[in-house]
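> Next come a sequence and a model predicted from it.
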Amino acid sequence: MGVSTTEDASVMRAELQTKSQDYTEKLKKVLADLYAQYPSSNTVVQLYYQLNPQDPKVKVSYSKLQLDQLKQYASYLGSQYLFSYFQQQITEILVNVQTVVDATQAATDTKLEALDVGLDLTDLLGLKEIKLSYLETIKKIDPNYYTNIDSMIESVQKEIEEANNTSNTSTDTSQVATPSNIQ
């Protein structure tokens, strides 16, 4: 390779890094074009997300793909087991939704689309508190996005309240009289 000194190695390293960066930029451009033409292609979305994870639209598309996979698993595993088996993917979807919503450069439509993905995930997993937060955020961003947003928020609030009341009034079985603890 013609490398005889550390100086030669440093020069060659710099040249290779420049070439690598150039190839990466070209690949990003190609994937951006492919993504524009085929935004629902699993392969294109996954590759583009790996190279450009900060793009809000790509985050939403990638999160949709992950959610679709989770839905397939939920159909035969049951949603109660999803979190234990797919914690990383679920966390990644939740983080992606929040970063898109918080991103100043993300368009309103992209933020709302991310929140829809988040709502689907919360429905799948029964995450009512997060669902309430997403609905309230949607109302702040665009109060007319859902015509019945107030009733949706109220309904989730009632579900949370009922769940809290149920857990507060559940019977402690150690206090129940049984033949073994009656003296």
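Yep, that arrived.

> Now do the worst-scoring helix or strand of the chain on mean pLDDT: everything it contacts.
Least confident helix or strand, the chain: helix 79-85 with a mean of 84, by mean pLDDT, DSSP states H and E. For helix 79-85, contacts defined as Cβ atoms under 8 Å, 6 or more residues apart in numbering pick out 70, 73, 74, 77, 90, 124, 125, 126. Placement of C-beta: from N, CA and C, glycine included.

> and if we set it to 6 Å?
With contact meaning Cβ atoms under 6 Å, 6 or more residues apart in numbering, helix 79-85 is reached by 70, 74, 90, 124, 125.

> What of stretch 141-154?
111, 112, 135, 138, 139.

> Select from the contacts of helix 79-85 the one having the most neighbours.
For the contacts of helix 79-85, counting by other Cβ atoms under 10 Å, the largest number of neighbours falls to residue 70: 23 neighbours.

> which ones are touching it?
Applying Cβ under 6 Å, 6+ apart, the residues near residue 70 are 82, 86.

> Quickly note the distance from it to residue 4.
Counting by Cβ to Cβ, to the nearest Å, the gap from residue 70 to residue 4 is 55 Å.

> and if you look at residue 93?
52 Å.

> more crowded one of the two?
It is residue 93, of residue 93 and residue 4, that has more neighbours when counted by other Cβ under 10 Å, with 25 against 8.

> Quick check: that one touching residue 65?
No. Look at residue 93 against residue 65 with Cβ atoms under 6 Å: they stay out of range, at 9.9 Å.

> Just want the most central residue of this protein.
residue 93 (1.1 Å; Cα atoms, centre = their mean).
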